[in-house]
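Novice: Pasting the sequence and the predicted coordinates here, then a few questions.
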Amino acid sequence: MRKAWMDHVGKTRKKGNRGKDKTMTHREALKAAAVTWPKKKAAILRKQKRVCKKRSVVEPPTKTPDVLGTENDQA
């Protein structure tokens, strides 16, 4: 989560600096990012859960016809 938080702050700072003469400081970016972080954090957690579910679901092996078994039954 720490990495995701710092990435979010970086994106917020980049957005805050668009079209302005005075650049946004890191500290200002931290304050601005704190407002939008709960929503972003929830989205990140949902994505992590979705990926974990996808990994844990194992598809059953496909059923192949038993050609040799039917020949042995006839003999």
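Specialist: Looks like it came in fine.
Novice: got the buried residues for the longest helix seen in the chain?
Specialist: In the chain, taking DSSP state H as the definition, the longest helix is helix 26-56. For helix 26-56, a neighbour-count test (16 or more other C-beta atoms under 10 Å) marks 29-30, 32-33, 37, 40, 44 as buried. (C-beta placed from N, C-alpha, C; glycine too.)
Novice: average pLDDT for it?
Specialist: Per-residue pLDDT over helix 26-56 has a mean of 93.
Novice: Tell me the gap between that helix and the middle of its chain.
Specialist: Centroid displacement of helix 26-56 relative to its chain, using C-alpha atoms, centre = their mean, to the nearest Å, is 9 Å.
Novice: what helices or strands is that helix leaning on?
Specialist: helix 2-16 (3 or more C-beta pairs under 8 Å, 6 or more residues apart in numbering; DSSP states H and E).
Novice: what's the angle between the helix it packs on and helix 26-56?
Specialist: Counting by axes from the mean of the first three to the mean of the last three C-alpha atoms, to 10 degrees, helix 2-16 lies at 130 degrees to helix 26-56.
Novice: centroid residue for this structure?
Specialist: When C-alpha atoms, centre = their mean is applied to the chain, the residue found nearest the centroid is residue 47 (4.0 Å).
Novice: I'd like the distance between that one and residue 6.
Specialist: With distances taken as C-beta to C-beta, to the nearest Å, residue 47 is found 17 Å from residue 6.
Novice: repeat for residue 56
Specialist: As for residue 56, its distance to residue 6 is 29 Å (criterion: C-beta to C-beta).
Novice: buried ones in stretch 4-15?
Specialist: So, applying 16+ other C-beta under 10 Å, buried residues of stretch 4-15: 5, 8-9, 12-13.
Novice: quick one: it to chain centroid distance?
Specialist: For stretch 4-15 - counting by C-alpha atoms, centre = their mean - the centre lies 16 Å from the chain centre.
Novice: Now it - C-alpha only, PDB.
Specialist: Extracted in PDB, the C-alpha atoms of stretch 4-15 (Å, rounded to 0.1, in the frame of the first residue of the first chain):
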ATOM      1  CA  ALA A   4       0.500   2.800  -4.200                       C
ATOM      2  CA  TRP A   5       0.200   5.800  -1.900                       C
ATOM      3  CA  MET A   6       3.300   7.400  -3.100                       C
ATOM      4  CA  ASP A   7       2.300   6.700  -6.800                       C
ATOM      5  CA  HIS A   8      -1.000   8.400  -6.000                       C
ATOM      6  CA  VAL A   9       0.700  11.400  -4.500                       C
ATOM      7  CA  GLY A  10       3.000  11.600  -7.600                       C
ATOM      8  CA  LYS A  11       0.000  11.500 -10.000                       C
ATOM      9  CA  THR A  12      -1.800  14.100  -7.900                       C
ATOM     10  CA  ARG A  13       1.200  16.400  -8.000                       C
ATOM     11  CA  LYS A  14       1.500  16.000 -11.700                       C
ATOM     12  CA  LYS A  15      -2.100  16.900 -12.200                       C
END
